[in-house]
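**Student:** Structural data only, the sequence is not supplied:
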């Protein structure tokens, strides 16, 4: 594996970590309705597991309500079950061929709990980025010992990996600050 390949791979892994963290943050309820809250949920439909957005239209008619309209009315029950089994803490109300998800206001205590969850997810993202950095550094040391690159090339590449690490950790930090502000806004 060449240095360029190592750098491209580590950057790709770090980008995926940031994307995964962003997805996790989107699934945390902020007191206002958002399709992102349920669009990623897995629903058992037609004998396979699909995401909610693949089996239903998800809309937010007002800031406190998510409306889910399954493409096929046979999926109303599997969608209800997926919502109840998830960790979003909302109770679905079946209204004929659609499902309504009322979003209650968050208490101050619940907001602080959610901020703690966001910080935990942020730390998991940082750990993922650091793990990617460590694996890249180990690979560079391995190819340096094998004589495939010089010590100067390895050192320059290590600095580049550190720059990438700092950049992606800062990106996760920005996401965390934004999510905390969103959660604490009444």
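**Tutor:** Here it is on my side, so go on. In this text the structure is predicted, and so the values were computed from the model without any measurement.
**Student:** The lengthiest helix in the chain packs against which elements?
**Tutor:** Longest helix in the chain by number of residues, with DSSP state H as the criterion: helix 108-145. Secondary structure elements in contact with helix 108-145, counted by 3 or more Cβ pairs under 8 Å, 6 or more residues apart in numbering; DSSP states H and E, are helix 3-26, helix 151-184. Just so you know, the C-beta spots here come from the backbone N, C-alpha and C atoms, and that holds for glycine as well.
**Student:** Tabulate these (CSV), appending distance to residue 69 and mean pLDDT.
**Tutor:** Listed next are the helices and strands packed on helix 108-145 as CSV, based on distance: least, Cβ to Cβ, whole Å; pLDDT from 0 to 100:
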stretch, distance to residue 69, mean pLDDT
helix 3-26, 21, 90
helix 151-184, 27, 91
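**Student:** out of the ones you listed, which comes closest to residue 50?
**Tutor:** Of all these, helix 3-26 sits nearest to residue 50, with 16.8 Å by Cβ to Cβ.
**Student:** Please tell me how far the closest one is from the chain's geometric centre.
**Tutor:** Here the centre of helix 3-26 is set off from its chain's centre by 12 Å, with Cα atoms, centre = their mean, to the nearest Å.
**Student:** Adjust the sequence numbering to begin at 3 for everything that follows.
**Tutor:** Sure, I'll start counting at 3 from here, so that last one is helix 5-28.
**Student:** which of the residues in that helix are buried?
**Tutor:** 5, 8-9, 12-13, 15-16, 19-20, 23-24, 26-28 (16 or more other Cβ atoms under 10 Å).
**Student:** neighbouring contacts of it?
**Tutor:** Helix 5-28 is contacted by residues 3, 36, 38-39, 42, 120, 123-124, 126-127, 130-131, 134-135, 137-138, 141-142, 145, 151, 155, 159, 162-163, 166-167, 170, 173-174, 177-178, 181 when judged by Cβ atoms under 8 Å, 6 or more residues apart in numbering.
**Student:** Which members of these are classed as buried?
**Tutor:** 36, 38-39, 120, 123-124, 127, 130-131, 134-135, 138, 141-142, 145, 151, 159, 162-163, 166-167, 170, 173-174, 177-178, 181.
**Student:** domain ranges for the protein?
**Tutor:** Using automatic domain parsing, the domain parsing of the chain gives 5-28+109-186, 37-104.
**Student:** I'd like the average pLDDT over the shortest one.
**Tutor:** Which is domain 37-104. Per-residue pLDDT over domain 37-104 has a mean of 87.
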